[in-house]
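>>> Let's see this in three dimensions:
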Amino acid sequence: MAVGFEDYGPDCDSMRITAFLDIPGQDNLGPLARLEKYAFSDNIFNRQIIARGLLDIFRDFSHNEEDYLTVMEIVVRLSEDTEPTVRTELMEQLPPIAIFLQENRPNFSTAFSEYLMPIVVRYLTDPNNQARKASQDSLLILLEQGLVAQYDIENKVCPVLLDLSAPDSDDEYKVEAVNIICKMASVVNKSTVQRLLLPRFCELCSDSKLFQVRKVCAANFGDICSAVGQEATERNLIPKFFELCSDSVWGMRKACAECFMAVSYTISPEVRRSKLSPLFISLISDPCRWVRQAAFQSLGPFISTFANPSSAGLYIREDGTLSIRPSSPCPAGNNINILPVSSEEPVENKQKPSTEGVSTRSAPYSENSSSEAQEASSSLQVTSGTDQTILIHSDHIDLYMPKDVKDSQMKNYQEMNLRAQSTEDVFNTFFYWRPPLPDISQDLELLQCKTEICDETCSDSEVLCNNCVASSEIKKVLQSLQEHMDDPDVQAQVQVLSAALRAAHLDSVGDYEVKQNRDINRNQEEDKHGLNPDLSAENENESTLFSLASKSDGMNPSNPTVIKSVDSEEQLNGTNKILQVEENGPTLEEEKSKLQDIIPQPLLDQYLSMTDPARAQTVDTEIAKHCAYSLPGVALTLGRQNWHCLKDTYETLASDVQWKVRRTLAFSIHELAVILGDQLTAADLVPIFNGFLKDLDEVRIGILKHLYDFLKLLHADKRREYLYQLQEFVVTDNSRNWRFRYELAEQLILILELYNPNDVYDYLRHIALTLCSDKVSEVRWISFKLVVAILQKFYASNATSLGLNFINELIVRFRHCSKWVGRQAFAFICQAVVEEECMPVDRFVEHLLPSLLSLASDPVPNVRVLLSKALRQTLLEKAYFRSVGNPHLEAVEETVLVLQADRDQDVSFFATIKPKHSNMHITSLEKQS
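Here you go, the predicted model:
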């Protein structure tokens, strides 16, 4: 009786499907003939089984060349089967068949291109939807594995896809084709995508017939940009991206907002700032709520594309974590690293020194300089030792700057120029990634020489003349920079000089009006108080002080002040004017504190508005969570020098009523501490960290998981304040939340290195012993490892007395414990101490070995089992106990013999078995408990 496929059900995958080919039947056919018979049988199920078992068939017949080619021909004929299920089964088997043949056949590429690849391409146009889907999946797998030759991609696959995506193609085929094009763009050659697929993709982005086609293009736009590179993206894709972002269908705009970050990563900083930023602002203000929601979710990631971690002294390690770049040892005075400082940043923020790998030095100021001069003086910018030193002085700034401040700045500037010239032959990335900036040092020196302090005896015409000369010099410098406007640094210089030009004009007009008002006031005061010289002198001083304050306000290019005429009563009341200036001062400073030049200001303003309660009503109820999630990336982009822009937002999020928002911040506070450095961390993050310590367990787990990472960034004195607060982690809202205590024990093992032995003994020892008596076994076992680490800390730090006291406490608490789990824990601790070599062997045999050997008479077998493991697998494997003449060896061997004769089989087994040379695992010990 012949054996047929009827004996094999659909659950026969675990066995060799084609085993029937080896069974001789009544037909007296060989295996290949029998294969051909069933492959073209009238029974559909027979053909399905053949298609499903093709991999096993190739394994059987791939050793003989003729049989191998015969099977290939059978596969080709089987691929033309009229039954869709047979074709689907066949296509699903092609990727594993191709992988097998590549590993076992020398001429795989030729046979695959001749026999199998045409099947895959033909099935892309199969009328059956299931067969087409199977062919699409198989094609992508083959491309990912690199099994398709470049010739086949360009001459077989791409032409079919281009035909399917043609304007006159069927709608369903077109959507599937554009989906394949988008997915295969990342796994094929870059030139192939640019030459063959990119033009068609651009056409499909403008397909006016089917919005489904445009939506697929929009959803995969970032992948296409990454595949074709920056140049092709800016030349061909960015215009299409603008079209999709303004599409009439809101789903297209939403898809563009979701892939905005991927597109931004591909383009140049200039295009990102000048074109994509305004485009993103339009998506944020889209009339559709779903588009606005997607845009706000992508706002933080999009801002992060402006980041340059190296400018903040940080770098991203291979595992993706952010770390502090170690500072290279340089002689004092030869290396000046200053973070890029925004021109709008308050002086007090500029002068804060930064640590953690980036040293910050501010320009020297005279101790006797007034606060007005300090606010007016220009900031010195030296970027991480790679960019050239740029010193920018505006004429309206130097006009009121004390001479000693100017001389000190010029001297410091000349010294750094000499240092820069002496290191010109050293490799500098600044000169390799863009054209060098024009040398404007002579123009700046000429500009500075032209702007001198005006004496009170100067006439009004002389003041106006000097400002006109300064303005003309600024215009000359601006003209020299016009040829290099493509460079972002040159654009920043042009913005500063343009502001200086406007301020110089305002100063010239303002000084003229102030002087006239001052003269009028002086004449009126002389008429009214001619007989009272003291009162006249007092009012004159007040008027002069108001004039200086007005000049100080006029020196701010972003907030020019126009002096208006006032009546005689207000002119006589100088004190009121001074108070008015002081009241307006904080408002101006508060507005300036939100300004920076790293990212476009509208993007930052929109990001800061995500904490507005109105956004939760009009955009997304979880918009604050998205803001908190992306805040470390935004902070890294802005740098620690612009932290003042995010400080209020961070504090608002930290006090949000939703615990999910606070939890998100808690999980990332250690990364933010790395970005900000120790000083800003101590000032701004530590109070929020303290608040999270008393929050819900869902929030506390965030800071607990990275407790070591955060504490190591603090100074030793600040870190020591948390010793007592660590005990609060032992208490949880829900006692069943044992994983919280388990995480605490793991973190304490790492935290031990941050404190001295005395602090560990006074504070952390109590926490460890408390966790050792936890109700949950998992917590106890990890706590035993913590105890061993504490003991190792004592002896590594030569704190012998503390170690001895701790050993005695362990003996009392565990060896003489009334519960058997405590005595079992003592055996495990002793085994771990020997395994990790936490203490000298002579101290171990003196203080712990006698108590350990006494467990041989314990009434509980589980305790004796662990004792057997400790003695047989650990102690006797150490060289100290194997040495001849060791006085303690005899006691250990006697105990082992007693355990080998134990009445419990498990105890005798582990005391007799030879030790396995492997590390000790807690899991195996838990099974014994």
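>>> Only C-alpha atoms from now on, for both contacts and neighbour counts.
Will do.
>>> Any idea how many residues pack against residue 111?
Neighbour count of residue 111, defined by other C-alpha atoms under 10 Å: 17.
>>> Residue 856 is in contact with residue 897, isn't it?
No. Under the criterion of C-alpha atoms under 8 Å, residue 856 makes no contact with residue 897, lying 10.4 Å away.
>>> which one of these two has more residues nearby?
Each of residue 856 and residue 897 has its neighbours counted (other C-alpha under 10 Å); residue 856 has more, 20 against 13.
>>> what about the residue nearest to the more buried one when sequence neighbours are not counted, which helix or strand?
Of all residues not flanking residue 856 in the chain, residue 864 sits nearest, at 5.9 Å (C-alpha to C-alpha, 6 or more residues apart in numbering). Element membership for residue 864, per DSSP states H and E: helix 861-869.
>>> tell me what that helix is packed against?
Here helix 861-869 touches helix 820-836, helix 889-900, helix 905-912, helix 922-928, going by 3 or more C-alpha pairs under 8 Å, 6 or more residues apart in numbering; DSSP states H and E.
>>> Please tabulate those in CSV, including the columns distance to residue 126 and mean pLDDT.
CSV is the format used below for these (distance: least, C-alpha to C-alpha, whole Å; pLDDT from 0 to 100):
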stretch, distance to residue 126, mean pLDDT
helix 820-836, 65, 92
helix 889-900, 73, 88
helix 905-912, 65, 90
helix 922-928, 54, 39
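>>> right, and those helices - which one's nearest residue 701?
helix 922-928 (23.7 Å; C-alpha to C-alpha).
>>> hang on, residue 603 in a strand?
No. Using DSSP: H, G, I helix; E, B strand; the rest coil, the assignment for residue 603 is helix, not a strand.
>>> I'd assumed residue 279 was in contact with it.
No. Using C-alpha under 8 Å, residue 603 is not in contact with residue 279, being 10.7 Å away.
>>> I'd like the helices and strands packed on helix 861-869 laid out as TSV, including distance to residue 704.
Below are the helices and strands packed on helix 861-869 laid out as TSV (distance: least, C-alpha to C-alpha, whole Å):
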stretch	distance to residue 704
helix 820-836	25
helix 889-900	42
helix 905-912	39
helix 922-928	23
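>>> can you tell which of these is closest to residue 248?
Comparing the helices and strands packed on helix 861-869 by C-alpha to C-alpha, helix 922-928 comes nearest, at 59.9 Å.
>>> ok, and for stretch 31-42, which residues are buried?
31-32, 34-36, 38-40 (16 or more other C-alpha atoms under 10 Å).
>>> now the residues you listed as CSV including secondary structure and pLDDT?
Listed next are those as CSV, based on DSSP: H, G, I helix; E, B strand; the rest coil; pLDDT from 0 to 100:
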residue, secondary structure, pLDDT
31, helix, 74
32, helix, 81
34, helix, 79
35, helix, 84
36, helix, 82
38, helix, 82
39, helix, 84
40, coil, 86
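>>> Present those residues as JSON lines; the columns should include distance to residue 289.
Formatted as JSON lines, the buried residues of stretch 31-42 follow (distance: C-alpha to C-alpha, whole Å):
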{"residue": "31", "distance to residue 289": "66"}
{"residue": "32", "distance to residue 289": "64"}
{"residue": "34", "distance to residue 289": "65"}
{"residue": "35", "distance to residue 289": "61"}
{"residue": "36", "distance to residue 289": "61"}
{"residue": "38", "distance to residue 289": "60"}
{"residue": "39", "distance to residue 289": "57"}
{"residue": "40", "distance to residue 289": "58"}
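>>> Can you pick out the most distant pair from those?
It's 31 and 40 that sit farthest apart of the buried residues of stretch 31-42, by C-alpha to C-alpha, at 14.4 Å.
>>> Mean confidence (pLDDT) on the helix holding residue 864, please.
Here helix 861-869 scores 93 as its mean pLDDT.
>>> So what touches the following helix or strand past it?
Counting by DSSP H and E, the next helix or strand C-terminal to helix 861-869 is helix 879-882. For helix 879-882, the external contacting residues (C-alpha atoms under 8 Å, 6 or more residues apart in numbering) are 841, 875-876, 886, 888-889.
>>> Likewise for stretch 702-711?
Against stretch 702-711 from outside (C-alpha under 8 Å, 6+ apart): 663-670, 673, 689, 692-693, 719, 743-744, 747-748, 750-751.
>>> are any of those residues buried, and which?
Using 16+ other C-alpha under 10 Å, the buried members of the contacts of stretch 702-711 are 663-670, 673, 689, 692-693, 719, 743-744, 747-748, 751.
>>> So which of the residues you listed are in helices?
Members of the buried ones among the contacts of stretch 702-711 lying in helices (criterion: DSSP state H): 663-670, 673, 689, 692-693, 719, 743-744, 747-748, 751.
>>> In a strand, residue 769, correct?
No. Residue 769 sits outside any strand when classified using three-state DSSP, being helix.
>>> what number of residues lie near it?
By other C-alpha under 10 Å, 18 other residues sit near residue 769.
>>> Residue 239 too?
Neighbours of residue 239 (other C-alpha under 10 Å): 12.
>>> Please report how far it lies from residue 795.
According to C-alpha to C-alpha, to the nearest Å, residue 239 and residue 795 sit 68 Å apart.
>>> out of the helices and strands packed on helix 861-869, nearest to residue 59?
helix 922-928 (41.3 Å).
>>> where are the low-confidence patches of the stretch 501-650 of the chain?
501-594 (pLDDT under 70).
>>> so residue 74 sits right up against residue 37, yeah?
No. Using C-alpha under 8 Å, residue 74 is not in contact with residue 37; the gap is 10.3 Å.
>>> all strands of the stretch 701-850 of the chain, in order?
All residues of the stretch 701-850 of the chain lie outside strands when identified by DSSP state E, counting those that start in this stretch.
>>> so what's residue 43 scoring on pLDDT?
For residue 43, the pLDDT comes out at 87.
>>> Sorry, wrong one. I was asking about residue 244.
Looking at residue 244, the pLDDT reads 94.
>>> Kindly report the same for residue 273.
92.
>>> distance of residue 221 from residue 215?
10 Å.
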